[in-house]
Structure formats: C-alpha cells, structure tokens
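Enquirer: requesting a structural model of the entry that follows:
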Amino acid sequence: MPQKTILVSWIGHKDLQSMAADGDDSLQKRILKALDLKKPTPLYRQDGPIKSLLNQEEFDEIHLLGDFPKWLCDLYLEWLPREVQMHRVTLTDPTDYRQILDAVESVLTKLERRSGVKFSFFLTPGTPSMAATWILVGKSRYDAVFWQSHPRKPATRSEIPFDVVAGFASDLAAAPDLNLQHLVTMPPSEIEGFENIVGSSRALRLAAGRAAKAAHREVPVLILGDTGSGKEMFAQAIHNASHRKGKPYIKINCAAIPETLLESQLFGYVKGAFSEAKKDHAGAFEQADGGTIFLDEVGECTPALQAALLRVLEPPHGEGPCCREFSPVGNVSKMIRSDVRIVSATNRDLQQEIIDGKFREDLFHRLAVIKVKLPPLTSRKSDIPELIDVLLKGINKSFSSQEPGYVDKSISETGKRFVRTYNWPGNVRQLRNTLIEAAVMCDGDTIGVGDLKAAVADIAGHSSVESDRELGNGFCLNSVMEEIQRKYLQRAMEEADGVKTKAAELLGMSSYQTLDAQLKRLKVKVPKPN
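Expert: Model (predicted):
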C-alpha cells in the first residue's frame, strides 16, 4: 500500500505579501496593515514559497500552521490552488522553540495516528527557529522529507547530512520545563506574579510552583481547595504570571448568575434582543478578549450554565486551546471570536459530583487540564507567624486611614500561640476575619487570647468562648444564641460573596427569604455581591 504524503508548513510573511501583491489596492493595504508592513517588495510579486511548491509538486494532503488573524488565513486558503487544512495557533514569540515545538507536535501527533503516513516539512516559510524545529523533529521522530525554495527557482528536496538522536527533541522540549523546575523550591513571594501570596511552607511552595508552571502554558487550570484557602488569589497570580498580564481579567461567580441572565452575561446581546436591551452589550467572553476569565465556584454551576460553558470552551476545529466562538443573544447568525484563557476554582469534589450526576464529565475535562490543589492552613502552620504579621499590618494600615488617632494593634505571645494551635477550618479567610474583629473589639493596643477566642466562631468539635462562659452573673442563653447566630450569618454571607440564595444554602435554609428575615432581625451587615 503506497504511503500518503502529507506536507506540513508554516505560513510565512513572504506568502502573505505575495497574495497582497496579487490583489487590488484596498486588499493590499488591509493585508500589509495586518503584517505591519508599508508595501510589498518587488521580490514577492510572484506566487510565494507555498503556492510555488503546490504548483510544482503533488501531495495527498497539505496542512498549514499560522498565528495570523483568521480572516487573513481564510483569505490565503482561498488564494491557494489546492485544498488545504489550516491550523491556527497562538505564538507570543515566533522564535520561541518551546511554543513552536508545542504547536508542531499538536498537529503532527494527530496526523501520525493514521497508518502509512509520510511527512514532508517545508523549511522556507517562517522564522529560522521554525525551520530548525522542522529539522529536529524530522530527523528524530518522523523521518520526514525536507523541501526548500529560493526566489525565482524551483523548490528542491533538501538533504540534511546528519541525524538527531531520538531523545534530543524531547530534551529540547523539556529544557524550558527544567528552567521552570526551580519554581517549586521558591517561596511564592519570589515568583513573578505570585508576590502577594504569603508563606514559604513546603506545601505552599509546591502549590505555587505548580501554578506558576501552568501560568506559562495556554491551558485551562482548575484550582481546588477548601473555603478560604486562597483560590482567588492563585487565579489572579496565574494571570499575572502569564503573558496575558495587563490584559482583561474577569471574575465570574458561577453561583450568582441567574439563569434568565445567563447567556446575556456570558455572551452579550444585541439591541432589541429583549425589552431592556436598549443597545448592544458585550458579554464577559468578548470583554476578556486577550485575557483571562476566572470561573469562581465552578462546582455550583447549574445544568444550564454547564451546557453554556461547554459550548464556548470547545475550540473550533484547528484553532488554539483559547479560541472561543459564540453568538450574542438576539443574533444567532452573528459569530464572535475571542482569545480567552480559563482558570476555574471550586471547593467541591468534582469527580464525586460527576459520579452523583451533578457535574458534566466532559466539562470537567475541559476545565481540569491542569489541576492545582491548595493546602489547608492546617497543612502549612509554619506560615502562620508570617501570615499574622502581614495580615495585621494590612489591618492596621486600613484602620489608620479610616480613623485618625487609631493605635496600631499587636498580638500577645499567648495570642500567637492560640492562633498557631487553632485548627482554622475557614483557613486564611477565617484567620483574617478573626484578626479584624479582634482588632476592632480589643481594649488597648494588644490583642490577647481572650480577644481572639471571642472572635472565633463556634465550630463543632472545638471549644469556644460561648461554651466556656460562666453561668449566672447575668448570663442570658438567648443572647448567647443570638450572638452565635449572628456570627454564622455573617460568615455565610461572606463566603457566599453577599449572594443570599447561596448563603441560605450554606446554612441549610429552605429559602433566601428566611435568611433575609434573620439578617434584619439580628441587624447583620450584608456585604455587597461581587
């Protein structure tokens, strides 16, 4: 059975300049603007390398890679004399071997699954780094034929007079990862983008190092961790450490999107789509173009939201992993594309949720390409002294700006021992809230163990200030019970980001109306939803 010949090549500037030279003035200007060039040189007023090769040689299939805009790639495919399959990729640096090799491998691994395939790699289009990568993979893994062309001369097969050890290309691919390996041993404060994460315990270093390595790859990241363990801070750090830093970062609370507004918030709407749509509105996926969307509490997604996310998270055929395609509400014929990286977080066991039929397995695999598990505070108690210092410094700074004459607070040694030995089921968030309350309520400038105990909510299985109170001498059970209720209501509202339906669910209440009545009766301050 004869082998199927498959040509694989990058699209180069010369190819697109040749197409521009073949078009009218309007088309030339549009193409040259996209290429950031003023005019095509006379040298390229021919067919260009790829078209010349296709006119000269026969291939069973042609696959082209490019990181140019889709409209420009589509235009180029129409200009070519043969049917071609396009693979659009995202390269932040066309000389970066890691990015080039990742893109090449993503295409070749799919194609080589077929039997009887013989690859031809075209060395001429693209950067020298792209040509070098073709030689490395073609002389090690794929035993490819190489083609090369020169202006005004026919393309020729190029003989490469050396072989490459099969493992060398793998070593080349691994080299950037080795460069990133040191991140696992560094405290987060020394990793670019992770400076605001406090601590240097081994558990935290491992989580931060894994997240930092993930930040450099254009893949979805799922952050797992208990309530209050810092998932949102890690999501922001991943964005800050990536090449998308400085581009939009949009947080979506998956538990807070009403189903009636689901599609319009995610994908936008056009004027007249519904009675309140007075003008076109861009949704989150359009606003975040070039940046990152953080799906917080993704485990709380309703079935409708899961279905909507699954649709938009599936890249179009041949596109990069961050290409999103969707239609605004009110105009299904209008297709919008954006480049958005997804980071998500949950405190739920999504694999168990899949077994229970509450979470879609296909969506899980879209989100969890890389998983980062955050340690609870009980696993990083060596970080607590530094956390106390950093958190209290921030609290003092905030209160000083609000209240002239405020006296900075410190913590007594017995107070520090209590913080180190307490279990902190609410993790860093609970520790911070406890320090805030203790700083507000303590008399003097030193927070003692009594102030801290008074600020800690009564957690089942742990002693608390409420259960230790002396009976008699004005003790009132109703007042104590109301105090406990008030603390749990406040905690639930904070953990639910001010969303009453979510807070009611956390507290086991049948409806948010019941919660609302309790909040008003006990005069609990309600944070505004994010």
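Enquirer: what about stretch 310-318, start to end distance?
Expert: Counting by Cα to Cα, to the nearest Å, the length from the leading to the trailing residue of stretch 310-318 is 18 Å.
Enquirer: out of the helices and strands in the protein, which is least certain?
Expert: The weakest-scoring helix or strand in the chain, judged by mean pLDDT, DSSP states H and E, is helix 166-181 (a mean of 46).
Enquirer: for whichever helix or strand comes after that one, packing partners?
Expert: Taking DSSP states H and E as the definition, the helix or strand that follows helix 166-181 towards the C-terminus is helix 202-215. Helix 202-215 makes packing contacts with helix 166-181, strand 221-224, helix 231-241, strand 370-373 when contacts are defined by 3 or more Cβ pairs under 8 Å, 6 or more residues apart in numbering; DSSP states H and E. To be clear about C-beta, it is placed using only N, CA and C from the backbone, and glycine gets the same treatment.
Enquirer: what pairs with the second one, parallel or antiparallel?
Expert: The one in question is strand 221-224. Strands adjacent to strand 221-224 in the sheet, as given by DSSP bridges, are strand 341-346 (parallel), strand 370-373 (parallel).
Enquirer: which residue packs closest to residue 433, ignoring adjacent ones?
Expert: Across the structure, with Cβ to Cβ, 6 or more residues apart in numbering as the measure, the residue nearest residue 433 apart from its sequence neighbours is residue 494 (7.0 Å).
Enquirer: give me every residue that touches the spatially closest residue to residue 152 that is not a sequence neighbour.
Expert: Residue nearest to residue 152 in three dimensions, not counting chain neighbours: residue 46, with 7.4 Å by Cβ to Cβ, 6+ apart. Contacts here follow Cβ atoms under 8 Å, 6 or more residues apart in numbering; on that basis residue 46 touches 18, 52, 151-152.
Enquirer: now a PyMOL select for only the buried ones of those residues.
Expert: Restricted to the buried members of the contacts of residue 46, where burial is judged by 16 or more other Cβ atoms under 10 Å, the PyMOL selection command reads as follows:
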select buried, resi 18+52
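Enquirer: which one of the contacts of residue 46 sits closest to residue 419?
Expert: Checking these against residue 419 by Cβ to Cβ gives residue 18 as the nearest, at 69.0 Å.
Enquirer: is it correct that that closest one falls within a helix?
Expert: Yes - assigned with DSSP: H, G, I helix; E, B strand; the rest coil, residue 18 falls within a helix.
Enquirer: model confidence score at it, please.
Expert: Note for residue 18: predicted pLDDT of 85.
Enquirer: what of residue 215?
Expert: You'll see residue 215 listed with a pLDDT of 92.
Enquirer: now for residue 73, how many residues are close by?
Expert: Counted with other Cβ atoms under 10 Å, the neighbours of residue 73 add up to 21.
Enquirer: hang on, isn't it packed against residue 66?
Expert: Yes - contact status for residue 73 versus residue 66: in contact at 5.4 Å, counting by Cβ atoms under 8 Å.
Enquirer: domain ranges for the chain?
Expert: Residue ranges for each domain of the chain read 4-175, 186-375, 384-521, as given by automatic domain parsing.
Enquirer: chain center to the longest one: distance?
Expert: Its chain's C-alpha centre and that of domain 186-375 lie 6 Å apart, by Cα atoms, centre = their mean, to the nearest Å.
Enquirer: ok so, going back, show me the two of the contacts of residue 46 that sit farthest apart.
Expert: Comparing every pair within the contacts of residue 46 by Cβ to Cβ identifies 18 and 152 as the most remote, at 12.7 Å.
Enquirer: the residue nearest to residue 433 is in what secondary structure piece?
Expert: Short version: residue 494 belongs to helix 477-495, going by DSSP H and E.
Enquirer: helices and strands around that helix, which ones?
Expert: Using 3+ Cβ pairs under 8 Å, 6+ apart as the contact criterion, the secondary-structure elements in contact with helix 477-495 are helix 427-441, helix 500-506, helix 512-521.
Enquirer: can you rerun that using 7 Å?
Expert: Contact analysis of helix 477-495 by 3 or more Cβ pairs under 7 Å, 6 or more residues apart in numbering; DSSP states H and E lists helix 500-506, helix 512-521 as its packing neighbours.
Enquirer: deepest-packed of those helices, please.
Expert: Scoring these by mean neighbour count under mean count of other Cβ atoms under 10 Å gives helix 500-506 as the most buried, with a mean of 20.
Enquirer: which residues does that one contact?
Expert: Around helix 500-506, the neighbours that count as contacts under Cβ atoms under 7 Å, 6 or more residues apart in numbering are 255-256, 492-493, 495-496, 511-512, 514-516.
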